[in-house]
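Q: model the following, please.
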Amino acid sequence: MSLQTHYRPISPRLGTHYAIFTSTYIALVLFLLILEQLGARTLWLSHIMIIAPVALYLGIALYNRTLDVRAFHAAGRRVPPVFVGLSLAISAIGGIGFFAMTGAVYMIGFDALCLVLGLVAGFLVAAVLFAPFLRKSGAFTLPGYFRQRFESTTLGAVAASMMVFPLFLLLAAELSLGAMMASLFASVSFESAVTIGAVVIVIAVIAGGLASIIWAQCAQYIVMIAGFLTPIVILSVLITNLPLPQFTYGELFERIATLELAIGLGPVDPSATLGLPGDAREAVTKPFLQAFGAIGRTDFILLLLCFMGGSAALPSLLNRAGTAPSVFESRQSWAWGLLFLGLFLISVPAYAAFAKFLTLQDLAGTPASQLPDWIGRLREAGLADFTDKNQDGVISTAELLVSRDGVTLALPIIGNLPFIIVVLVAVGGVAATLAAGAAHCLAMGQAIGEDIYRGLIHKSATPSRRQLVTRAGCILFAAAAALFVSSQEIDVLRAAAWAMSLTASAFLPVLILSIWWKKITMFGALAGMVAGFAVALAHIAISEMAGGSLFGLSSLLSAVVAVPIGTATAVAISLMGKPPAERIEFVDEMRDPSGQALYDRSVREAAQLQS
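A: Numbering: from 1, shown residues only. Predicted coordinates for the structure are as follows:
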């Protein structure tokens, strides 16, 4: 009996299958565009546009249903790098990137780029410092890696417990955004849309775990990027005569600055607080190109570092490290993911710039009695509001209140694009929310079944029993998130920032030290993890009770304090003890670039014993 050290890909025709899916989706959009021009009811068109892709996602997930442990937790370790990259990219973007991050760039311009830069920098850190070594260890989850690295089920269970809260925040944020978009076009209430979104996520996750959602996410990335790029490509052609918005939006900067001066929007004094736009409709008071007007220089760097640390240590991304057939292909997977993520992120400033230019162009000098039709359409959808407060007969940007999370959807409306293009953007955002929500939900379920149940409650549990507990955990967390979102308003951008700080505080120091410092001990890792998470959580809680900041440091920047404390604690406790010799040997083998994956070697040894 021999070991498969390189797993055969699932199908050699995967590219053809997804090319057919892309062509079919394009054909559907074009067909509905024709029906719109022929006078078809927009309600039916929007229902078809939303329901058809969601049904296809579920079909893909159910087709890949499985009871095999390796398939459920690691997609059989047979996913080609390109498709792992697609899954990684849309899990990192989600609805938070699609809606909230794009809206933040529109609202505060340059200052919001710390979010974009932090996300891509964290992804790069994970790709270089963590992912290849997690693949080599063979662990299914991040807590599973800690359990294996330190030979401690207690440490794995503690890590699993700590990752639940930040991932729950992210899942709730994704459900909220997806429901907001679906309720605008699918004739359902917000609460009903939340429930439907949670059900779709649960079905996709429990059908086959990572084997189900990773293939659905590939299709969802295609739908997401099509929805995001289509309006700015069309508007780029109309405004600049070139279909490359990522390279042409710079031409708009001078015109945007001129229009801002024309409506009386001048430079503002640098903010003493971290001025991220909130979820309520608010006016734009800062020039688009002014640097550090809403977020100061120091806070800009600190927020960038928090998002970088959080995305680098995000468990729902790192559990993709084991899906590639080999360590080398795992590195390739993250390289592809960085490419697909970069395509979206370099388009975000372009999207915001076109939205800003079209808004100012239509408002500058326009009497309140002759306002463009799009203002009324945005007001009806709840994406904007306005009032002529000073009674001068003109609506300025200070009197136009914009929804941060609605800017992405507002652009095709402001650009007077066909209704189907507007729905196309909404469908892309829904795809992003479902993809990221499924990733977070599965990671929490794995934490319950693989790390807490197996580690603390029933160490000899069979694989089928662990899968059952994992599926039950996914259902429980999805239901809890849906109930929370239905009963409680949530600022998705703040929730994401808190989640990133908590994740970075708990896992980043121990991840780095466990791979790159041989002397760290189990007790050092445990102490560092608990100290970092506790400090971050306490800082967030106290800051919010004190009005949003503590000693001048925003609750969104809690990782700035917690990560150094967690690192110092882990190092100090580790120096008091001595790591076992076999754990030092484990690190040497894991970091050896010429050696085979430790997981593969263990399977080989088990096969030899059985033969």
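
Q: C-alpha only now, for contacts and for neighbours.
A: Will do.

Q: the closest residue to Arg147 other than its chain neighbours - how many residues pack around it?
A: Leaving aside its sequence neighbours, Arg147 sits nearest to Gly156 (C-alpha to C-alpha, 6 or more residues apart in numbering; 4.6 Å). Using other C-alpha atoms under 10 Å as the criterion, Gly156 is surrounded by 28 other residues.

Q: give the residue spans of the stretch 451-600 of the chain that score low on pLDDT.
A: 592-600 (pLDDT under 70).

Q: hang on, the earlier thing: who's in contact with the residue nearest to Arg147?
A: Shown in contact with Gly156 (C-alpha atoms under 8 Å, 6 or more residues apart in numbering): Pro143, Gly144, Tyr145, Phe146, Arg147, Asp451, Ile452, Gly455.

Q: okay if I get those residues as TSV plus neighbour count?
A: Formatted as TSV, these follow (neighbours: other C-alpha atoms under 10 Å):
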residue	neighbour count
Pro143	29
Gly144	27
Tyr145	21
Phe146	28
Arg147	22
Asp451	29
Ile452	23
Gly455	24
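
Q: would you list every one of the strands in the stretch 301-450 of the chain?
A: Under the criterion DSSP state E, counting those that start in this stretch, strands of the stretch 301-450 of the chain are mapped to 384-386, 400-402.

Q: so which of these comes closest to Ala496?
A: Of all the strands of the stretch 301-450 of the chain, strand 400-402 sits nearest to Ala496, with 20.5 Å by C-alpha to C-alpha.

Q: which residues does that closest one contact?
A: In contact with strand 400-402 (C-alpha under 8 Å, 6+ apart) are residues Arg281, Glu282, Ala283, Val284, Leu383, Ala384, Asp385, Phe386, Thr387.

Q: one more time with 6 Å, if that's ok
A: For strand 400-402, the surrounding residues in contact (C-alpha atoms under 6 Å, 6 or more residues apart in numbering) are Arg281, Glu282, Ala283, Ala384, Asp385, Phe386.

Q: just stretch 374-390 next, same as before
A: Ile395, Glu399, Leu400, Leu401, Val402, Ser403, Gly406, Ile414.

Q: for ChimeraX, write the select line for the buried members of those residues.
A: Listed next is the ChimeraX selection for buried residues among the contacts of stretch 374-390, using 16 or more other C-alpha atoms under 10 Å:
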select :395,399,400,401,402,403,406,414
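
Q: which among the contacts of stretch 374-390 gets closest to Leu338?
A: Closest to Leu338, out of all of these and judged by C-alpha to C-alpha, is Gly406, at 26.3 Å.

Q: and the pLDDT at the residue nearest to the closest one when sequence neighbours are not counted?
A: Nearest residue to Gly406 in three dimensions, chain neighbours excluded: Leu383, at 5.4 Å (C-alpha to C-alpha, 6+ apart). Per-residue confidence at Leu383 stands at 89 (pLDDT).

Q: where in the chain is pLDDT low?
A: Along the chain, segments meeting pLDDT under 70 span 1-12, 271-273, 388-391, 393, 592-611.

Q: tell me where it has strands.
A: Ranges of strands within the chain are 282-283, 384-386, 400-402, 549-550, 553-554, based on DSSP state E.

Q: just checking, what packs against the first one?
A: In terms of contacts (3 or more C-alpha pairs under 6 Å, 6 or more residues apart in numbering; DSSP states H and E), strand 282-283 is packed against strand 400-402.

Q: Leu289: how many residues sit nearby?
A: When neighbours are defined as other C-alpha under 10 Å, Leu289 has 17 of them.

Q: got it, and Ala436?
A: The tally of other residues near Ala436 (other C-alpha under 10 Å) stands at 31.

Q: equivalent analysis for Glu251, please.
A: Using other C-alpha under 10 Å as the criterion, the residues surrounding Glu251 number 12.

Q: try Ala546
A: Applying other C-alpha under 10 Å, we find 12 residues neighbouring Ala546.

Q: equivalent analysis for Asp392, please.
A: Per other C-alpha under 10 Å, the neighbour tally for Asp392 reads 10.

Q: ok, now which ones touch it?
A: Asp392 neighbours (C-alpha under 6 Å, 6+ apart): none.

Q: excluding chain neighbours, what is closest to Ile490?
A: Ala173 (7.0 Å).

Q: surely that neighbour is in contact with Leu493?
A: No. Using C-alpha atoms under 6 Å as the test, Ala173 is too far from Leu493 to be in contact (8.1 Å).

Q: joint contacts of those two?
A: With C-alpha under 6 Å, 6+ apart, Ala173 and Leu493 have no common neighbours.

Q: could you tell me the end-to-end distance of stretch 485-498?
A: One end of stretch 485-498 sits 17 Å from the other (C-alpha to C-alpha, to the nearest Å).

Q: and that stretch, which residues are buried?
A: Val485, Ser486, Ile490, Asp491, Val492, Leu493, Arg494, Ala495, Ala496, Ala497, Trp498.

Q: now swap in stretch 113-129 and tell me
A: Within stretch 113-129, the residues that count as buried by 16+ other C-alpha under 10 Å are 113-127.

Q: how deep is Met590 tucked in, by neighbour count?
A: Neighbour number of Met590 under other C-alpha under 10 Å is 22.

Q: from Arg331, how far off is it?
A: Met590 is 15 Å from Arg331, where distance means C-alpha to C-alpha.

Q: do Leu411 as well
A: In terms of C-alpha to C-alpha, Leu411 sits 37 Å off from Arg331.

Q: settle it for me: which of those two has more neighbours?
A: Counted by other C-alpha under 10 Å, Leu411 and Arg331 do not tie: Leu411 has more neighbours, with 24 against 20.

Q: what's that one in contact with, if anything?
A: Ala355.

Q: show me what contacts Arg471?
A: Ile206.

Q: distance of it from Ser460?
A: Arg471 sits 18 Å away from Ser460, going by C-alpha to C-alpha.

Q: residues making contact with stretch 495-514?
A: Here stretch 495-514 makes contact (C-alpha under 6 Å, 6+ apart) with 166, 169-170, 306-307, 309-310, 313, 525, 529, 532-533, 536, 556, 558-559, 562-563, 567.

Q: returning to what we had before: what's the burial count for the residue nearest to Gly406?
A: Neighbour count for Leu383, taken as other C-alpha under 10 Å: 20.

Q: tell me how far it lies from Ser403.
A: Relative to Ser403, Leu383 is positioned 5 Å away (C-alpha to C-alpha).

Q: again with Leu261
A: In this view, Leu261 and Ser403 are 23 Å apart by C-alpha to C-alpha.

Q: residue boundaries of the helices in the stretch 101-250 of the chain?
A: 102-108, 113-125, 131-137, 142-150, 153-185, 190-208, 210-240, 245-248 (DSSP state H, counting those that start in this stretch).

Q: and Ile34, which of those helices is closest to it?
A: With C-alpha to C-alpha as the criterion, Ile34 lies closest to helix 210-240 of these, at 16.7 Å.

Q: which helices and strands sit right next to the closest one?
A: Using 3+ C-alpha pairs under 6 Å, 6+ apart: helix 210-240 touches helix 42-63, helix 69-74, helix 81-95, helix 419-446.

Q: can you give the contact residues for stretch 90-106?
A: 112, 174, 221, 348, 352, 404-405, 407-408, 429, 432-433, 436.
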